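*Asks:* The following block contains a protein sequence and its predicted model.
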Amino acid sequence: MNDIFPEQALFADISILIEQARATVAAQANHTATLLYWKAGRMINTVVLQEKRAEYGKRIVSALAAQLQAKFGRTFELRNLRRMMQFADQFPDWELCRRWRHN
């Protein structure tokens, strides 16, 4: 019976390492995706706001969404780009956004 215990302990210890690594990867991926969405929203807002013409801005965002969706998938469809724009508008300073997420 004593021979089994070290194997169980080893399994438990390695299981913990795997779970911790997975949690770290998930947290890093979430952070990276959030930063990407914020930066994309900020860039789009900057381009659209510089033109100061609503119809022109709508066309830019629609065309951009079609191109991005064709290349990268549904994550970048028009509705999601608009959400990215709103996100960047609500949090104009990335550091404030980053701090808010950690609270």
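*Replies:* Structure received.

*Asks:* quick one: average pLDDT of the one helix or strand residue 97 maps to?
*Replies:* Per DSSP states H and E: residue 97 is located in helix 94-101. Averaging pLDDT along helix 94-101 gives 71.

*Asks:* what does stretch 48-67 give?
*Replies:* pLDDT averaged over stretch 48-67 gives 85.

*Asks:* Could you shift the numbering so residue one becomes 54, and keep it that way?
*Replies:* Will do, 54 is the new start, and the previous item becomes stretch 101-120.

*Asks:* Which residues in that stretch does the neighbour count mark as buried?
*Replies:* Burial within stretch 101-120, assessed by neighbour count using 16 or more other CB atoms under 10 Å, is assigned to 101, 110, 114, 117, 118. C-beta here means a position set from N, CA and C on the backbone, and glycine is covered the same way.

*Asks:* So the second one is in contact with residue 99, correct?
*Replies:* No: with contact taken as CB atoms under 8 Å, residue 110 and residue 99 are classed as non-touching, separated by 11.0 Å.

*Asks:* And the residue nearest the centre of this structure?
*Replies:* residue 86 (2.0 Å; CA atoms, centre = their mean).
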